[in-house]
Structures are given as structure tokens and as C-alpha cells.
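> one predicted model, sequence on top.
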Amino acid sequence: MKVLIVDDSAAMVALLASRLEELGYAVVVAANGQAGADLFATCRPDLVLMDLEMPVLNGYGATRLIRAIEARQRWAWTPVLFLTAASSEDSLVTAIEAGADDFIAKSASEEILRAKMQAMARIAALRNDLRAAHEQLEGIANRDGLTGIANRRALDQWSDEAWARAVEAASSFSLLMVDLDNFKRFNDAYGHLAGDDCLRAIAEAIAETAKQACDRGVCDMAISARYGGEEFALLLSGGEADGYRDTADHLVRRIRQCAIAHDHNPPWGIVTASVGGCRFERAQGHIKAIFRAADACLYRAKAEGRNRVVHHTSPGE
């Protein structure tokens, strides 16, 4: 277990660190509350031992900063114990209100220190187990059961977050809506099991295209998802207009390269896709605008003959 000690007394830190290391704990230290909060954000300790009175920022303020850092990470929580020379009711109440979980006297005996640390180790282990379980459940909830890529729920969440960052940074944002051509005819002709195999293959091709776009530096982030039925989405955050257009064209070719037989999709005789694309050089307004524009372009792509990309561009591209 990694323990962060935040205390401005070098003598106290040396003594406490030595005692904790003898008990088998890894120790990192900070000399004031601000340094402690900064170090907490990078070293991810399992437990924080926090002094009350320190220069720059006291223990109460540092604990509030730590809880604010954790609030930005779902299911993040780290026990904070205040180190006290005296246990006045006022100081302890203030400590708990600031976000502390317990306190321990600086003069605590070896037995008390060992017992407190064992209790905190149990709590830290339980926290880690809960976080791992939550992350596993969240991964299941965000994954499409058939194709294995992100589902609509995940797309809605991630696209909102990516859009907010793009708006804040005034950066570009692109969206490709993908729909398989004449897919109902495919299911009718070959059966739903073959349809499922087809959707899995197309999802893999879209996910591969997203990864390649990131690897080539076409965008800062790419998200591929099953939007519903035979419709998919590929979101590209950041990057240049040429890279976005190249990715859209590559995606249509890549789906053709899957060479999945589809005799009821003339004149190609294989599975193809229509793609509607929209790109904002500077993200602004509500994200619904880019989804509406891409969807409208998707319908145009189908109306104009399928197996192609139709783009919408915002002014200034």
C-alpha cells in the first residue's frame, strides 16, 4: 500500500515514514498542503496522512482539493487520516467536514499505528475491488453485445464529452454516419445468423479504420460505435479536413474489401455502405447539429445511388 504523508515537519515525516516502511508500506511525502494535493493527483496513493497546520495550504484546504480531484473520476475515493497533536472537537469536526475519514495522534503507539494502518489497508483493498467491479460493469454496459464495439449509450456519453472539449478548445469535430445498403434484403436472403456475422465483420472494419485514423495522426481521438440495427457511427475529434475526407473514402472502400456476398445489392453483388459525413472546423453550439447534418447526408448518399460518401461542411472549411 502506498501512503502519502503531507506534513511540513521534516523530523515528523522522517520518523513516521521510517515507522511505516518498517511495517511494509511504500511512502511518498509532501511538505505542504498544496504540494500534497499536486502529488496526490500524480502518484495515486492508497492512503493519505495529512497534517492540520502547514504553510502555503493547511490540511483542511488540501483535503478539499483532493476530494475535488476525486470528484472528476467516478468511483475514486482514497482514505484521508488527519495527523493531530491534540484532538479538540472543533478541529476534528472541521477535518471530517473537509473530507477526512479519521484521525490519528502523532504520538500514537506502535500498536495503535499498526491497527489504524491495517484498518485503512482493508478499506483501500475494498475500494480497489469496488472500482474494478464498477469498471468491469461499465465496460459491459458500454459495449454492443453483438459486435463488441461501443454501443449507442457509450457513443452518446463519449460524444458529448468530446464535443464539450472541442467547443472549449475551438477545435474541429467530424462525424461519419454509416448505413449498410439493402441490409434487410441481406437478412431476408441469407438469414439472421449470416446477418449477425456480417455486422460483426463491418464493425471490425469500422473499428480498424478508427484506429488507423488515430495512428496516422488524422485525428486526436476516434470513436466507433454501433448506432442501431445496421447503422454505425465514426466520430473524429481534431485533425485536418483532408484527413477526415480520406478516412471517409477509406471506410467505404474498406467495407467493400470485406467482400461479403450480397446478390440482392445490385450492381455490386457484395455488401456496401452509404456514409453521411459532417465536419465542423470549429465546434460550437449543440452536438445535435452535427448528428442532424450527418444523418441528412446519409439519406442523400442513399438517394444518389448508395456505396458512396456525401459530405456536409460548415462555413469556413
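Nice, thanks for sending it over.
> most centrally placed residue in this protein?
Taking Cα atoms, centre = their mean as the criterion, Trp158 is the residue nearest the geometric centre of the chain, at 7.5 Å.
> burial of the closest residue to it other than its chain neighbours, as a residue count?
Leaving aside its chain neighbours, Trp158 sits nearest to Ile223 (5.3 Å; criterion: Cβ to Cβ, 6 or more residues apart in numbering). C-betas here are computed from N, CA, C, even on glycine. Neighbour count of Ile223, defined by other Cβ atoms under 10 Å: 20.
> quick one, phi/psi of Ile223?
Main-chain dihedrals, Ile223, degrees, to the nearest 10: phi -130, psi 120.
> so it makes contact with Leu234?
Yes - contact criterion Cβ atoms under 8 Å: Ile223 and Leu234 qualify, at 7.3 Å.
> still on that earlier bit, wait, a helix at the residue nearest to the centre of the chain?
Yes - secondary structure assignment places Trp158 in a helix (DSSP: H, G, I helix; E, B strand; the rest coil).
> re the thing from before, mutual contacts of Ile223 and Leu234, please.
Ala210 (Cβ atoms under 8 Å, 6 or more residues apart in numbering).
> give me phi/psi at Met117?
Main-chain torsions, Met117, degrees, to the nearest 10: phi -70, psi -40.
> contacts only, for it.
With contact taken as Cβ under 8 Å, 6+ apart, Met117 is in contact with Met1, Val3, Leu20, Leu23, Tyr25, Leu47.
> quick revisit: distance of the residue nearest to Trp158 from Arg152?
Ile223 sits 12 Å away from Arg152 when distances are taken as Cβ to Cβ, to the nearest Å.
> what does Gly305 give?
28 Å.
> got it, and Lys2?
Lys2 sits 39 Å away from Arg152, taking Cβ to Cβ as the criterion.
> in its sheet, what does the helix or strand that contains Phe82 sit against?
Applying DSSP states H and E as the criterion places Phe82 in strand 80-84. Looking at strand 80-84 with DSSP bridges, its partner strands are strand 47-51 (parallel), strand 102-105 (parallel).
> wait, which of those is closest to Ala125?
strand 47-51 (11.1 Å; Cβ to Cβ).
> quick revisit: from the chain's centroid, how far away is the strand holding Phe82?
Here the centre of strand 80-84 is set off from its chain's centre by 32 Å, with Cα atoms, centre = their mean, to the nearest Å.
> what's the helix or strand just after it packed up against?
As assigned by DSSP H and E, the chain's next helix or strand after strand 80-84 is helix 89-98. Of the remaining helices and strands, those touching helix 89-98 by 3 or more Cβ pairs under 8 Å, 6 or more residues apart in numbering; DSSP states H and E are helix 59-71, strand 80-84.
> what's the angle between the shortest one and helix 89-98?
Comparing the axes of strand 80-84 and helix 89-98 via axes from the mean of the first three to the mean of the last three Cα atoms, to 10 degrees yields an angle of 160 degrees.
> now the angle between helix 59-71 and strand 80-84, please.
If you take the same axes, to 10 degrees, strand 80-84 sits at 170 degrees to helix 59-71.
> for the closest residue to Leu16 other than its chain neighbours, give the beta-bridge partners.
Excluding its sequence neighbours, the residue lying closest to Leu16 (Cβ to Cβ, 6+ apart) is Ile5, at 5.9 Å. Per DSSP bridges, the residues bridged to Ile5 are Val29, Leu49.
> going forward, begin numbering at 802 instead of 1
Sure, I'll start counting at 802 from here, so that last one is Ile806.
> surely Ile806 meets Leu816?
No - the pair Ile806 and Leu816 does not pass the contact test of Cβ under 8 Å, sitting 10.3 Å apart.
> mind checking which of those two has more residues around it?
Applying other Cβ under 10 Å to Ile806 and Leu816 shows that Ile806 carries more neighbours, namely 23 against 12.
> tell me which residues touch the more buried one, please.
By Cβ under 8 Å, 6+ apart, Ile806 lies in contact with Val814, Leu817, Ala818, Leu821, Val828, Val829, Val830, Ala831, Leu850.
> ok, the second one - contacts?
When you say that, I think you mean Leu817. Here Leu817 is in contact with Ile806, Asp808, Leu850, Leu884, Lys907 (Cβ under 8 Å, 6+ apart).
> who wins for most neighbours among those residues?
Busiest of those [other Cβ under 10 Å] is Leu850, holding 29 neighbours.
> list the contacts for it?
Val804, Leu805, Ile806, Val807, Asp808, Leu817, Leu882, Leu884, Ile905.
> against Ser973, how distant is it?
Taken as Cβ to Cβ, the span from Leu850 to Ser973 is 46 Å.
> ok, Arg915 next?
56 Å.
> and these two? Which one has more around it.
Ser973 (23 against 15).
> tell me the pLDDT of the residue nearest to that one when sequence neighbours are not counted.
In space, and not counting its chain neighbours, Ser973 is closest to Glu1082: 5.2 Å by Cβ to Cβ, 6+ apart. Glu1082 is assigned 91 on the pLDDT scale.
> cool, the one 3 residues further on as well?
We note a pLDDT of 88 for Gln1085 in this prediction.
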